[in-house]
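Q: A predicted structure for the sequence below; I have some questions about it.
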Amino acid sequence: MLTSVGQRVDIARAFRAAGATTLGVDADPLAPALYHCDERVIVPRIADPVYVPTLARLRDEHDVRLVVPLNDLDFPVLARERDQLAPALVLLPDAEASARMSDKLEAHHFFVANGIQSPRSWAPEDVPEDARYPVLVKAREGFGSRNIHRAADREQLAFFLEYTNVPSFVQEVCLGEEFSIDVFCDMDARCLNAIPRTMLLSKGGESIKGASIQDRELIEHGARVAEIVGVKGPANVQCFREPDGSLPITDVNTRFGGGFPVPLAAGGRYPELALALARGERPEPRLGDFEEGVVMTRYFSEVCLAPGADGDLTVIHRP
């Protein structure tokens with residue numbers, strides 16, 4: 001079951017290619033990835049009290065063995081309520097770790113407390129006089145680069161803190177090159193693989209162009225961070241390589257990253273690993289076992305639908 005499947009056509013296709021029967025669920029009947037799954041169901045929104053019971057009913061009706069949440073808003077809810085979906089395996093960290101990573105300021109405090117470098121960050125009222133500008137005003141529970149504002153000085157910072165309409169925090173801008181590390185861990189939080197990729201181009205927080213790189217320092221760094229955080233299943237570790245050689249972590253998203261096609265094409269076999277975990281298997285780590293130089297360049301595509309005889313939308317064109 002792929003929850004909040006949205007536009008994640010790449011993931012729906014990958015799990016089907018790995019041999020899974022896919023059930024896509026979403027509150028939006030026009031979510032394109034629904035129409036790349038074997039079966040699809042429209043469900044209530046995440047905040048609706050019947051959302052999790054609806055998923056539990058679908059688990060029984062479709063004999064679901066694996067639940068793969070794809071939207072950040074799902075994570076705290078499904079991690080907390082995973083017992084309602086048992087015996088299906090929910091591919092998320094424990095509730096505490098999931099909630100901690102969903103709150104970006106709390107995640108920063110956790111990183112620092114556990115010896116993981118992270119850019120200096122503060123609650124709005126705690127920004128010190130010696131803060132290095134520019135800084136970012138970021139949503140504490142943001143995703144997809146929404147509600148991020150760059151302030152060049154203290155005057156702009158005051159403006160953006162007044163302007164933003166969501167709980168936010170302030171973070172110093174990193175100066176080096178940005179990387180994403182796509183990791184996959186087992187349910188004991190052992191990192192099975194970590195595949196770094198470059199961030200050649202991003203739009204709206206979504207990776208558009210990038211390439212896999214064999215960088216042992218990044219591989220080991222991503223694996224270490226994932227295990228300290230307690231990642232279970234996929235995660236996307238975002239970091240910078242600063243001029244002084246440090247590798248501060250800005251974010252750990254406990255889901256398949258937007259650049260998922262890169263580790264997939266590079267040989268990461270993450271869907272196969274997820275299915276193995278659902279079967280109760282214990283795959284061995286294979287850090288660094290992937291192909292370097294695999295490049296992703298994205299484009300728009302579409303699904304065209306028309307009303308069927310029963311009034312439901314059916315696919316009339318799908319690339």
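A: Yep, it's here.
Q: Now the element after the lowest-mean-pLDDT helix or strand in the chain, going C-ward?
A: Across the helices and strands of the chain, mean confidence by mean pLDDT, DSSP states H and E is lowest for strand 201-203: a mean of 78. Next in sequence after strand 201-203, counting helices and strands by DSSP states H and E, comes strand 206-211.
Q: List the neighbouring strands of that next one plus their orientation.
A: Using DSSP bridges, strand 206-211 pairs in its sheet with strand 201-203 (antiparallel), strand 295-297 (antiparallel).
Q: Deepest-packed of the ones you listed, please.
A: strand 295-297 (a mean of 16; mean count of other C-beta atoms under 10 Å). Every residue, glycine included, has its C-beta placed from N, CA and C.
Q: okay if I get the strands paired with strand 206-211 as JSON lines plus distance to Gln7?
A: Shown next, in JSON lines, are the strands paired with strand 206-211 (distance: least, C-beta to C-beta, whole Å):
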{"stretch": "strand 201-203", "distance to Gln7": "13"}
{"stretch": "strand 295-297", "distance to Gln7": "15"}
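Q: quick one, which of these is nearest to Glu106?
A: Closest to Glu106 of the strands paired with strand 206-211 is strand 201-203 (C-beta to C-beta; 24.4 Å).
Q: quick one: that closest one to chain centroid distance?
A: Centroid separation for strand 201-203 versus its chain: 16 Å, with C-alpha atoms, centre = their mean, to the nearest Å.
Q: returning to what we had before: list the contacts of the least confident helix or strand of the chain.
A: Ser145, Ser207, Ile208, Lys209, Gly210 (C-beta atoms under 8 Å, 6 or more residues apart in numbering).
Q: Any of those residues buried? List them.
A: When the contacts of strand 201-203 are checked for burial by 16 or more other C-beta atoms under 10 Å, the buried set is Ser207, Ile208, Lys209, Gly210.
Q: Hmm, the third one is touching Met296, no?
A: So the one you mean is Lys209. Yes. With contacts counted by C-beta atoms under 8 Å, Lys209 reaches Met296, the gap being 6.5 Å.
Q: Where does pLDDT dip in the chain?
A: Residue ranges of the chain with pLDDT under 70: 143-145, 204-205.
Q: Can you classify the spatially most central residue of it by secondary structure?
A: Residue closest to the average C-alpha location in the chain (C-alpha atoms, centre = their mean): Arg255, at 3.2 Å. Following DSSP: H, G, I helix; E, B strand; the rest coil, the label given to Arg255 is coil.
Q: Nearest to Val67, out of the strands paired with strand 206-211?
A: Distance to Val67, taken as C-beta to C-beta, is lowest for strand 295-297 among the strands paired with strand 206-211, at 26.3 Å.
Q: how many other residues sit next to Val127?
A: 20 (other C-beta atoms under 10 Å).
Q: which non-adjacent residue is nearest it?
A: Leaving aside its sequence neighbours, Val127 sits nearest to Val170 (C-beta to C-beta, 6 or more residues apart in numbering; 5.2 Å).
Q: is it true that Asp83 lies in a helix?
A: Yes. Asp83: assigned to a helix according to three-state DSSP.
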